[in-house]
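Asker: From the sequence below, what's the structure:
(one chain, ligands or ions: 1)
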Amino acid sequence: MSSSAFADRPQKKLVLFDVDGTLTPARQSATPEIIELLRALRKKVVIGVVGGSDFVKISEQLFVAGSSAVEEFDYTFAENGLTAYKLGKTLPSQSFIKFLGEDKYKVLVNFILHYLADLDIPIKRWFCRGTFIEFRNGMVNVSPIGRNATTAERHEFEAYDKKAGVRAAFVKVLQEKFADYGLTFSIGGQISFDIFPTGWDKTYCLQHVEDEQFEEIHFFGDKTHKGGNDYEIYSDSRTIGHSVSSPADTMQLLKELFFEV
Ligand code: M1P
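Answerer: Residues are numbered from 1 along each chain as shown. A predicted model of the protein is given here:
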């Protein structure tokens with residue numbers, strides 16, 4: 001490997017993890033058990049996390065026993081790698097607004113706000129939580145019920161959305177209406193979807209690890225189906241993709257692949 005930073009790892013491999021549904025339950029914290037397993041794994045290989053969420057949220061979820069995400073992982077990639085850390089140091093970044101420009105952004109946001117106002121969802125209190133559009137460095141996150149929803153409301157909406165397809169229909173309209181904007185609309189979590197420039201999906205983070213020339217790059221994620229926000233990196237030729245159903249499933253698979261069980 002070219003970097004002496006990882007010379008202590010016996011295997012020249014990188015193992016990357018999605019956060020929600022892979023290392024933690026959606027928007028919740030990682031357990032001490034999975035952190036312990038990751039610490040053991042880190043003695044063998046290089047490890048990283050790549051989430052769609054912003055850095056603050058990922059840090060909250062992976063803050064265990066006084067130790068932060070940037071300390072526990074060799075690479076921390078928030079917003080698909082638009083905010084990136086390698087061994088605690090920041091890597092170069094780009095911005096959504098620079099890509100799109102204020103004028104196009106205004107048209108997009110106005111359309112979204114009108115669409116949200118006209119949405120007919122049965123439980124109206126779902127609409128009272130606020131933060132329907134969250135502007136981030138490398139993407140915009142849109143939630144039909146608002147990002148301030150409680151955990152119970154998250155579960156209620158997710159179950160409803162599986163049947164009603166609120167987000168899928170919303171995304172379809174946006175794809176048609178803004179076909180010339182060069183944007184991707186991706187459903188990654190329970191209550192929202194992300195909008196980012198095409199190509200700025202989770203494969204974006206792979207450019208930050210190219211210099212290390214890893215022999216293998218593994219990726220673990222739960223939204224690996226087409227349309228899910230793990231799909232592109234899971235199916236990328238540069239990675240070995242692992243589809244998991246929960247943090248417990250991730251732990252089991254890690255033990256099988258990297259530890260003698
Ligand atoms: O990491 C997956 C997704 O997690 C959140 O989604 P939701 O709030 O809908 O569960 C968001 O941070 C989203 O951006 C992210 O892709």
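Asker: what residues are up against the residue of the stretch 151-261 of the chain at minimum distance from the ligand?
Answerer: With Cβ to the nearest ligand atom, the shortest gap between the stretch 151-261 of the chain and the ligand falls at residue 189, namely 2.1 Å. C-beta coordinates here come from the backbone N, C-alpha and C atoms, glycine included. Neighbouring residues of residue 189 by Cβ atoms under 8 Å, 6 or more residues apart in numbering: 20, 26-27, 52.
Asker: Tell me the spacing between it and residue 62.
Answerer: Residue 189 sits 16 Å away from residue 62, going by Cβ to Cβ, to the nearest Å.
Asker: Surely the residue of the stretch 151-261 of the chain closest to the ligand is within a helix?
Answerer: No: per DSSP: H, G, I helix; E, B strand; the rest coil, residue 189 lies outside any helix segment and is coil.
Asker: distance of it from residue 47?
Answerer: From residue 189 to residue 47 the distance is 22 Å (Cβ to Cβ).
Asker: cool, residue 94 as well?
Answerer: 24 Å.
Asker: ok, and which of the contacts of residue 189 reach the ligand?
Answerer: Applying Cβ under 6 Å from any ligand atom to the contacts of residue 189, one finds that 20, 26-27, 52 fall near the ligand.
Asker: Closest to the ligand out of those?
Answerer: residue 52 (2.5 Å).
Asker: give me phi/psi at the closest one?
Answerer: phi -80, psi -30 (degrees, to the nearest 10).
Asker: Residue 186 now?
Answerer: phi -130, psi 130.
Asker: The closest residue in space to it that isn't next to it in sequence - how many residues pack around it?
Answerer: Spatially, and ignoring its direct neighbours in sequence, residue 186 is nearest to residue 229 (4.5 Å; Cβ to Cβ, 6 or more residues apart in numbering). For residue 229, the neighbour count with other Cβ atoms under 10 Å is 26.
Asker: what does the one 10 residues further on give?
Answerer: By the criterion of other Cβ under 10 Å, residue 239 has 20 neighbours.
Asker: just checking, it touches residue 221?
Answerer: No: in this structure, residue 239 is not within contact of residue 221 by Cβ atoms under 8 Å, at 9.9 Å.
Asker: shared neighbours of the two, which are they?
Answerer: What both residue 239 and residue 221 touch, as defined by Cβ under 8 Å, 6+ apart, is the set residue 233.
Asker: Tell me the residues on the stretch 151-261 of the chain that lie near the ligand, please.
Answerer: Residues of the stretch 151-261 of the chain lying close to the ligand (Cβ under 6 Å from any ligand atom) are 188-192, 194, 229.
Asker: min pLDDT across the ones next to the ligand among the contacts of residue 189, which one?
Answerer: Lowest in pLDDT among these is residue 27, which has 81.
Asker: What are the boundaries of the strands in the protein?
Answerer: 13-17, 46-50, 75-78, 83-86, 89-91, 133-135, 140-142, 183-186, 193-197, 216-221, 240-243 (DSSP state E).
Asker: can you redo those as JSON lines with mean neighbour count and mean pLDDT?
Answerer: As requested, the strands of the chain are exported to JSON lines (neighbours: other Cβ atoms under 10 Å; pLDDT from 0 to 100):
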{"stretch": "strand 13-17", "mean neighbour count": "24", "mean pLDDT": "98"}
{"stretch": "strand 46-50", "mean neighbour count": "26", "mean pLDDT": "97"}
{"stretch": "strand 75-78", "mean neighbour count": "26", "mean pLDDT": "96"}
{"stretch": "strand 83-86", "mean neighbour count": "22", "mean pLDDT": "94"}
{"stretch": "strand 89-91", "mean neighbour count": "12", "mean pLDDT": "94"}
{"stretch": "strand 133-135", "mean neighbour count": "15", "mean pLDDT": "94"}
{"stretch": "strand 140-142", "mean neighbour count": "23", "mean pLDDT": "95"}
{"stretch": "strand 183-186", "mean neighbour count": "22", "mean pLDDT": "92"}
{"stretch": "strand 193-197", "mean neighbour count": "23", "mean pLDDT": "94"}
{"stretch": "strand 216-221", "mean neighbour count": "22", "mean pLDDT": "98"}
{"stretch": "strand 240-243", "mean neighbour count": "17", "mean pLDDT": "98"}
